[in-house]
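Engineer: next one to model:
(one chain, ligands or ions: 2)
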Amino acid sequence: MKGKIGLEEHFAVPDTALNPRGTYSDVTWAELKGRLLDLHGERLALMDQHGIEMMVVSLNAPAVQAVPDPKAAVALARQANDALADEVARRPDRFQALAAVAMQDPDAAIAELERAIKDLGFKGVLVNGFSQIGSDPDSAVYYDLPQYRPFWAAVERLGVPFYLHPRSPLPRDARLYAGHPWMMGAAWAFGNETAVHALRLIGSGLFDEHPKLAVVLGHLGENIPFGLWRIDHCNATASKTDGHKARRPIADYVRENFYVTTSGNFSTSALILTMAELGADRVMFSVDWPFEEIAHAATWFDALDIGESDRLKIGRTNAARLLKLAVT
Ligand code: GRE
Ligand code: ZN
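Structural biologist: Ligands and ions are numbered 1, 2, ... in the order given. Okay, the predicted model is just below:
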């Protein structure tokens with residue numbers, strides 16, 4: 001399919017181009033780093049080859065969210081957004097952007113979001129999971145907490161999507177993976193961490209207060225579509241004190257306030273289940289470049305045995321509508 005749009009596609013600035021906790025060998029990281037820093041070379045050539053018209057680009061992970069000094073986090077977000085705006089300005093027909101914001105300082109996050117959307121023309125915001133704040137190495141702040149309600153109000157008011165992107169848990173919370181480092185990162189820990197965060201947002205009643213919010217999850221919804229029935233089945237018998245604060249079943253919010261992308265999850269059966277649970281209007285093509293291959297994502301997607309109207313929605317038009325992209 002020509003004209004695909006991808007929206008979990010990363011770049012880095014030199015300050016964020018760091019091997020995440022030594023996850024990769026030096027050789028692999030050198031390759032990934034080169035790809036993260038490039039937009040107009042290899043990346044654009046691969047997009048041309050594989051029918052990707054546009055990437056909506058975001059900063060790599062965990063970047064801003066892992067900077068515990070709020071002032072430094074605010075400065076990094078601003079610097080990264082300015083750098084990305086310059087890159088996008090060279091080829092706005094091929095690249096658009098999601099903003100980085102420092103959730104360590106909710107007021108500053110609102111201000112940077114407004115600047116990115118209104119002044120830089122960004123199409124939404126992408127945050128890499130919880131934020132570390134201050135000197136406690138295990139501090140992990142989630143955005144269902146009350147201090148983030150004004151931020152969510154701003155996201156809703158601006159009418160832009162919020163992409164909740166993974167990061168790995170901090171050492172305290174990673175103890176459940178002790179002895180099994182293979183589960184850290186994208187194999188399992190990313191999805192687990194991000195799914196819990198998304199469910200925290202829903203269970204806090206956030207979407208009752210701000211019903212127009214749109215949250216995007218990668219990796220076909222971080223396993224949430226598969227778990228939807230059971231979450232509400234089990235909560236139906238929860239006691240009043242143990243119940244969540246949302247007014248309706250959790251699945252309602254996933255179907256009305258969430259979108260998912262195919263980033264890094266090129267499983268046909270998982271896609272079909274996700275389309276069945278959420279509908280084809282809520283699924284969007286993405287690669288997760290440079291951590292996944294453009295050729296792999298595009299070849300899989302283009303050959304899927306789905307209807308052509310669904311392919312067009314998932315490949316292009318859902319993203320164009322949600323992000324209000326200036327494409328025809
Ligand atoms: C991602 O952005 O999804 C990602 C990383 C690091 C490793 C794997 C991965 O940031 O998918
Ligand atoms: Zn990603």
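
Engineer: now do the buried residues in whatever helix or strand residue 269 lives in.
Structural biologist: With elements delineated by DSSP states H and E, residue 269 resides in helix 268-278, which encompasses its position. The neighbour-count check on helix 268-278 (16 or more other Cβ atoms under 10 Å) flags 270-271, 273-275, 277-278 as buried. Where C-beta positions appear, they are placed from N, C-alpha and C, glycine not excepted.

Engineer: can you pull out the helices in the chain?
Structural biologist: Using DSSP state H, the helices of the chain run over residues 26-37, 42-49, 70-90, 106-114, 149-158, 189-203, 206-209, 219-222, 224-235, 250-257, 268-278, 294-303, 308-312, 318-322.

Engineer: who in the chain is up against ligand 2?
Structural biologist: Contacts of the chain with ligand 2, taken as Cβ under 5 Å from the ion, map to 8, 288.

Engineer: residues contacting the residue in the stretch 151-300 of the chain that ligand 1 sits nearest to?
Structural biologist: Residue of the stretch 151-300 of the chain nearest ligand 1, by Cβ to the nearest ligand atom: residue 291 (3.6 Å). Applying Cβ atoms under 8 Å, 6 or more residues apart in numbering, we find residue 291 in contact with 10, 32, 186, 264.

Engineer: please report the distance of it from residue 1.
Structural biologist: 22 Å (Cβ to Cβ, to the nearest Å).

Engineer: any idea of the mean pLDDT in stretch 105-121?
Structural biologist: Taken as a whole, stretch 105-121 has a mean pLDDT of 98.

Engineer: meant to ask about stretch 221-230
Structural biologist: The average pLDDT within stretch 221-230 is 98.

Engineer: what's in contact with that stretch?
Structural biologist: Residues outside stretch 221-230 that contact it (Cβ under 8 Å, 6+ apart): 166, 190-192, 194-195, 198-199, 217, 250-251, 254, 258, 260, 270, 273-274, 277-278.

Engineer: what's the mean pLDDT across the helix holding residue 269?
Structural biologist: Helix 268-278 shows a mean pLDDT of 98 in the predicted model.

Engineer: give the other helices and strands that it contacts.
Structural biologist: For helix 268-278, the contact count by 3 or more Cβ pairs under 8 Å, 6 or more residues apart in numbering; DSSP states H and E identifies helix 219-222, helix 224-235, helix 250-257, strand 258-261, strand 283-284 as packing neighbours.

Engineer: quick one: low-confidence residue ranges for this structure.
Structural biologist: Regions of the chain meeting the criterion pLDDT under 70 cover residues 240.

Engineer: pull the contacting residues for the nearest residue to residue 130 once chain neighbours are set aside.
Structural biologist: The spatial neighbour of residue 130 that comes closest, neighbours along the chain excluded (Cβ to Cβ, 6 or more residues apart in numbering), is residue 140 at 4.3 Å. Contacts were defined as Cβ under 8 Å, 6+ apart; by that measure residue 140 touches 130-132, 169-170, 173.

Engineer: residue 261 contacts residue 215, correct?
Structural biologist: No. Counting by Cβ atoms under 8 Å, no contact exists between residue 261 and residue 215, whose distance comes to 11.8 Å.

Engineer: any idea which of the helices of the chain is most buried?
Structural biologist: helix 219-222 (a mean of 26; mean count of other Cβ atoms under 10 Å).

Engineer: neighbours of residue 245, how many?
Structural biologist: Residue 245: 11 surrounding residues under other Cβ atoms under 10 Å.

Engineer: hmm, I was thinking of residue 283
Structural biologist: For residue 283, the number of neighbouring residues by other Cβ under 10 Å comes to 24.

Engineer: and the closest residue to ligand 1 within the stretch 1-150 of the chain, what does it touch?
Structural biologist: The stretch 1-150 of the chain approaches ligand 1 most closely through residue 61 (3.9 Å), counting by Cβ to the nearest ligand atom. Contacts of residue 61 were listed using Cβ under 8 Å, 6+ apart, and they are 10, 20, 128-129, 165-167.

Engineer: lovely, talk soon.
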